[in-house]
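**Q** predicted model and sequence follow; I will ask about them next.
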Amino acid sequence: MKDPSAAISEAVYQKLIAAAGVTALVGSSPARIWDKVPEGSGYPYIRVGDDQAVGDSNSCFDAWEFYVTIHIFSRHAQYPRLEAKDIANAVGQAIGDHASLIAPAGFIVTEVELVQSRPLTEDDGVTAHQVMTFRYQVADGA
């Protein structure tokens, strides 16, 4: 059985950097969308991380429920939580749209669902942190 983790992470990243609505909010040269956030990076930014593949195979084909968590950080001077929520809306349109599903190499995504989106404030009292979790139904595309 193949592991869809790398292919799905790459597909999510590619969708986000290609989404004009996202890059308009987090920059585009380069987009502040990372797996590992560089030290001294500017705000706002998105970190793609924390994923989980749950096997859902049967005797006919390999399949998974795949969960991806997106972290959005803002330090907007007046409205960091609102800025994070605006970015979350753009992220949802980019990677949570049934009409334009992500396309991981070697796999087929048949369904997407936003499981949760929740705003947090970091311990520094300045940084807003929006956490989004998406669930994808994934099948082996071979």
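**A** Ah, there it is.

**Q** ranges for the strands of this structure?
**A** 33-34, 45-55, 63-74, 107-121, 128-140 (DSSP state E).

**Q** including mean pLDDT, could the ones you listed go into TSV?
**A** Below are these laid out as TSV (pLDDT from 0 to 100):
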stretch	mean pLDDT
strand 33-34	96
strand 45-55	91
strand 63-74	95
strand 107-121	95
strand 128-140	95
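
**Q** and for the residue positioned nearest the centre of the chain, nearest residue in space, chain neighbours not counted?
**A** Nearest to the geometric centre of the chain sits I70, at 4.1 Å (Cα atoms, centre = their mean). Nearest non-adjacent residue to I70, counting by Cβ to Cβ, 6 or more residues apart in numbering: M132, 4.5 Å away. The C-beta positions use only the backbone N, C-alpha and C, and glycine is treated the same way.

**Q** ok, now which ones touch the residue nearest to D3 when sequence neighbours are not counted?
**A** Nearest residue to D3, sequence neighbours excluded (Cβ to Cβ, 6+ apart): A53, at 6.4 Å. Applying Cβ atoms under 8 Å, 6 or more residues apart in numbering to A53 gives the contacts D3, P4, S5, W64, E65, F66, V138.
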